[in-house]
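# Provide a 3D model corresponding to the input given below.
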Amino acid sequence: MSPRTPAERRQQTQALPPLRAEDEAAIDRFLDALWAEQGLAKQSLASYRRDLQALARWLDGRGGGLAQADRAALFDYLAWRNAQRYSPRSNARLLSALRAFYGWRVRRGERADDPTALLDPPRLPRSLPKALAESQIDALLAAPDTAGAPGLRDRAMLELMYAAGLRVSELVRLPAVALNLRQGLLRVTGKGGKERLVPLGEEARHWLERYLAEARPALAGKRQPAELFVDARGEALSRQDFWRLVKRYAALAGIDPARISPHGLRHSFATHLLNRGADLRALQMLLGHASLSTTQIYTLVAREHLKRLHARHHPRG
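Now for the predicted structure:
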């Protein structure tokens with residue numbers, strides 16, 4: 001059975017009973033503590049909230065509560081999600097939220113046991129990041145019409161994301177003061193509020209200089225937005241706005257939409273650096289990964305690339 005579509009999941013969620021006040025309060029206290037202790041990004045906190053609310057509704061429909069749920073109830077909920085065709089990745093994210101929530105309650109003395117202790121995470125299929133070929137990157141970056149302000153902004157955004165390996169959320173929230181063109185550096189605030197300095201290439205600096213001189217004043221008008229990249233109203237673009245732009249320019253560049261993802265330029269940045277001999281530790285710092293194991297996935301991409309080259313060009317490949 002294939003995973004459920006987002007529309008199917010929304011329909012199922014709407015059919016569940018409303019959230020109890022005590023469950024909502026428990027979730028709020030947990031997320032406030034999580035933000036204060038770990039400084040998680042808004043997207044991570046929102047994801048935790050959705051997962052905990054969904055469980056609370058499900059438990060309430062069966063006469064139980066979120067705070068008092070035992071291992072059997074959580075096991076039944078995971079089994080129900082499997083029957084509803086939730087993906088293994090979605091269930092793994094849920095289990096991470098549950099472990100954080102119930103572990104927090106145990107540390108506070110609000111529970112004597114952790115009901116997630118013996119729950120095994122689902123096996124996730126190994127999915128390698130999808131990187132574009134360097135020729136495809138060239139075509140994508142050249143796709144915007146830079147004769148007008150929107151196209152000049154789009155070219156600068158694409159160039160910067162590829163040059164600095166930014167996450168989409170980092171790109172659209174980037175404040176103008178984070179950019180230092182004189183030194184060729186960018187100060188990026190990533191997950192958990194952690195900052196990193198990323199160098200800019202000459203090509204990215206060129207398009208950013210043009211954007212700041214020609215396009216941003218025309219787009220912002222008399223407003224003084226804090227964000228570096230703005231729309232025609234002088235407001236920050238959303239992640240969805242940027243994703244739509246990438247899809248449109250990919251089509252213009254002749255790139256199969258299945259070959260590109262919201263983080264496609266970031267994955268390409270990492271893969272191309274490794275292919276050209278970059279150090280894995282340096283790449284970890286540039287990407288802002290907390291763990292080197294997260295960065296190592298790109299070595300698998302580079303290895304697959306070398307295998308394809310060998311098979312294509314070696315006389316006995």
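
# check contacts around residue 262.
By C-beta atoms under 8 Å, 6 or more residues apart in numbering, the residues touching residue 262 are 168, 239, 242-243, 246. All C-beta spots, glycine's among them, are computed from the backbone N, C-alpha and C.

# drop anything exposed from these.
Among these, those scoring as buried are 168, 242-243, 246 (criterion: 16 or more other C-beta atoms under 10 Å).

# can I get these in a markdown table including pLDDT and secondary structure?
Listed next are the buried ones among the contacts of residue 262 as a markdown table, based on pLDDT from 0 to 100; DSSP: H, G, I helix; E, B strand; the rest coil:
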| residue | pLDDT | secondary structure |
| --- | --- | --- |
| 168 | 89 | helix |
| 242 | 91 | helix |
| 243 | 89 | helix |
| 246 | 90 | helix |
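
# farthest pair in the residues you listed?
168 and 246 (8.8 Å; C-beta to C-beta).

# nearest to residue 22, of the buried ones among the contacts of residue 262?
residue 168 (36.3 Å).

# hang on, residue 222 in a strand?
No: counting by DSSP: H, G, I helix; E, B strand; the rest coil, residue 222 falls outside a strand, being coil.

# ok, the buried ones among the contacts of residue 262 vs residue 272, which is closest?
Looking at the buried ones among the contacts of residue 262 and their distance to residue 272, the nearest is residue 246, at 17.2 Å (C-beta to C-beta).

# hmm, the closest one is touching residue 263, no?
No: counting by C-beta atoms under 8 Å, residue 263 is not a contact partner of residue 246; they are 10.0 Å apart.

# pLDDT weak spots in the stretch 1-150 of the chain?
Along the stretch 1-150 of the chain, segments meeting pLDDT under 70 span 1-18, 121-129.

# all helices of it, in order?
Using DSSP state H, counting those that start in this stretch, the helices of the stretch 1-150 of the chain run over residues 6-15, 21-38, 42-60, 71-83, 88-107, 134-141, 149-164.

# ranking the ones you listed by burial, who's on top?
helix 149-164 (a mean of 23; mean count of other C-beta atoms under 10 Å).

# ok, then the element right after that one?
Following helix 149-164 in sequence order, the next helix or strand is helix 168-173 (DSSP states H and E).

# how about that next one: buried residues?
Using 16+ other C-beta under 10 Å as the test for burial, helix 168-173 gives 168-173.

# contacts for it?
The contact list for helix 168-173 (C-beta under 8 Å, 6+ apart) reads 41, 43, 157, 160-161, 188-190, 227, 229, 236-239, 241-243, 262-263, 266.

# neighbours of residue 280, just the number please.
13 (other C-beta atoms under 10 Å).

# residue 274 is in contact with that one, correct?
Yes: judged on C-beta under 8 Å, residue 280 makes contact with residue 274 at a distance of 7.5 Å.

# now do the same end-to-end measure for stretch 222-234.
End-to-end span of stretch 222-234 (C-alpha to C-alpha, to the nearest Å): 9 Å.

# please name the nearest non-neighbouring residue to residue 48.
Excluding its sequence neighbours, the residue lying closest to residue 48 (C-beta to C-beta, 6 or more residues apart in numbering) is residue 97, at 4.6 Å.

# so that neighbour versus residue 231, what's the distance?
The gap separating residue 97 from residue 231 is 33 Å, by C-beta to C-beta, to the nearest Å.

# same question for residue 174.
Distance of residue 174 to residue 231, computed by C-beta to C-beta: 14 Å.

# out of those two, which sits in the busier spot?
Between residue 174 and residue 231, residue 174 has the larger neighbour count (other C-beta under 10 Å), namely 24 against 16.

# next up, the contacts around the more buried one.
166, 186, 188, 227-229.

# go again using 10 Å as the cut-off
With contact taken as C-beta atoms under 10 Å, 6 or more residues apart in numbering, residue 174 is in contact with 157, 160-161, 164, 166, 186-189, 226-229, 236.

# pLDDT value on it, please?
Here the pLDDT value assigned to residue 174 is 93.

# average model confidence for stretch 252-271?
Mean predicted lDDT for stretch 252-271 stands at 82.

# what about it, distance to the chain center?
14 Å (C-alpha atoms, centre = their mean, to the nearest Å).

# and for residue 246 and residue 263, which residues touch both?
161, 168.

# on that earlier part again, pretty sure the residue nearest to residue 48 contacts residue 56?
No: using C-beta atoms under 10 Å, residue 97 is not in contact with residue 56, being 11.7 Å away.
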